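[1] Whatever this is, show me its structure:
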Amino acid sequence: MNNQKLGLALAFLAALLSLPLPAQTPQPSACDRIRILPAPGHEKEIIGAKISGSITSDKTGMVVLAEVTQAPAPGQWLELPIKNPKPWRWLRYDVPEATQGWISKLEFYAGDQKLKGEYFSSFPDSWRTVTDDRPTHGSCGSSTSGQYFGIDIGELGSGPRPNLSPGGGDYSTPVKVKLTCKDPAAVIRYTFDGTTPSETNGTTYSEPVAIDHTALLTAVAISPGLAPSPIADNIYTYNPAPKRVMLNIGNSLTGNATGRIEVNARAGGFPIECNRQLMGGGITRTLWNAAMLDVVDPSDTAKWKSLYQNTPCITHTMGGDHLYSYDEVKQAHESWQKLWPAIKTLDDVTLQPRGGSAAEDSEYSLKWLTFVR
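    This is a model prediction of the structure:
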């Protein structure tokens, strides 16, 4: 009898061990140090700068985590530790008052992990060089008060975002959408008006959400003691209109704008397909030359500049007189060679004129329109 009981107990234990472990709630990252490279000649100006964190937003609820009390030697990085680190979704470098905050590079870390996310800043357009690998002599704010540079690390500093099931798409009958989260303690909030849900905005999820018309469903999950998750959103299109196909020619502004146009149009029941031909900082002429002409030998400097150097745009900031590299031109050319043959029907074309010469923009816009027509 004892042997029989022992055998049953062992069998029960084996069955327990074979069961899958419960899903672990992802743990957010806690920033524990910042690395700052001041702009050359501006090392002392970073003294008094503060590092802040928030679980509310990029502008509110900021808590000071550390302060710069000394300047590094010229050309050297300053590493600033954060004591008793905890997860913050929004991390911000606050420039000392009475300075413009000249810095060359800024990096946020959790252990050996370099944190990445969406950057936000009061600096002009040149702030992008602070976060990428391009060499730079520095970037600064546009005034001597209230300047900042920060990063939203998203789910790395918050609870996990919710899951919407079924996903967005075209529907001809009503659908019920179930919202779930990997953190069982999280509260899920949702909206239908395009705004971001929060503790004070939207509806608390309690049962599957019924949708019987075209709608944009946006949800966040709020885990105890953490920042709200990044949004999860889907568009449920109810008996949509026929899709329109677009060709969008421009730079990163076109890329950003058409991304929102696709979302907004679909949310209104009018789906569109955007086909983008983009070059960072590109103007109509350089976009045309890169797409349509065979890539020439870059050692012919004069010809290369005539084809692939931007005419400074009206604001003299975005694009400037940037001279594209061989790799940039080759990538744009190959992109067009794949994109254009894949477009079988075309309803609309958008261009982004922005060069310093209205005559040049008109000439090359006409080239594009004549070609696609």
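[2] use CA for all of it now, contacts and neighbours both
    Will do.
[3] can you pull the buried residues of stretch 165-178?
    Gly168, Asp170, Tyr171, Val175, Val177, Lys178 (16 or more other Cα atoms under 10 Å).
[4] Mind exporting the C-alpha coordinates of it to PDB?
    Provided in PDB are the C-alpha atoms of stretch 165-178 (Å, rounded to 0.1, in the frame of the first residue of the first chain):
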ATOM      1  CA  SER A 165      -8.500  40.600 -30.600                       C
ATOM      2  CA  PRO A 166      -9.600  40.200 -33.300                       C
ATOM      3  CA  GLY A 167      -7.300  42.700 -35.000                       C
ATOM      4  CA  GLY A 168      -8.400  45.600 -37.200                       C
ATOM      5  CA  GLY A 169      -9.500  45.100 -40.800                       C
ATOM      6  CA  ASP A 170     -12.600  45.200 -43.000                       C
ATOM      7  CA  TYR A 171     -15.800  43.800 -41.600                       C
ATOM      8  CA  SER A 172     -19.300  43.400 -42.900                       C
ATOM      9  CA  THR A 173     -20.900  42.200 -39.700                       C
ATOM     10  CA  PRO A 174     -20.600  43.500 -36.100                       C
ATOM     11  CA  VAL A 175     -17.600  42.300 -34.100                       C
ATOM     12  CA  LYS A 176     -16.700  42.100 -30.400                       C
ATOM     13  CA  VAL A 177     -13.100  43.000 -29.500                       C
ATOM     14  CA  LYS A 178     -11.500  41.400 -26.500                       C
END
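[5] hmm, back to that, and the two most separated of the buried residues of stretch 165-178?
    Asp170 and Lys178 (17.0 Å; Cα to Cα).
[6] So the residue nearest to Glu328 when sequence neighbours are not counted versus Trp304, what's the distance?
    Spatial nearest neighbour of Glu328, excluding adjacent residues (Cα to Cα, 6 or more residues apart in numbering): Met279 at 8.0 Å. Counting by Cα to Cα, to the nearest Å, the separation of Met279 from Trp304 is 16 Å.
[7] More neighbours: those two, which one.
    Met279 (22 against 18; other Cα atoms under 10 Å).
[8] in the sheet, who's paired with the most centrally placed residue in the chain?
    The centroid of the chain falls nearest to Glu118 when counting by Cα atoms, centre = their mean (4.7 Å). On the basis of DSSP bridges, Glu118 is bridged to Asp152.
[9] So it is in contact with Leu156, correct?
    No - assessed by Cα atoms under 8 Å, Glu118 is found out of contact with Leu156, at 11.6 Å.
[10] mind giving me the domain split of the chain?
    According to automatic domain parsing, the chain comprises the domains 33-157, 163-238, 244-372.
[11] Any idea how far the longest one is from the middle of the chain?
    I take that to be domain 244-372. Here domain 244-372 is found 21 Å from its chain centre; the criterion is Cα atoms, centre = their mean, to the nearest Å.
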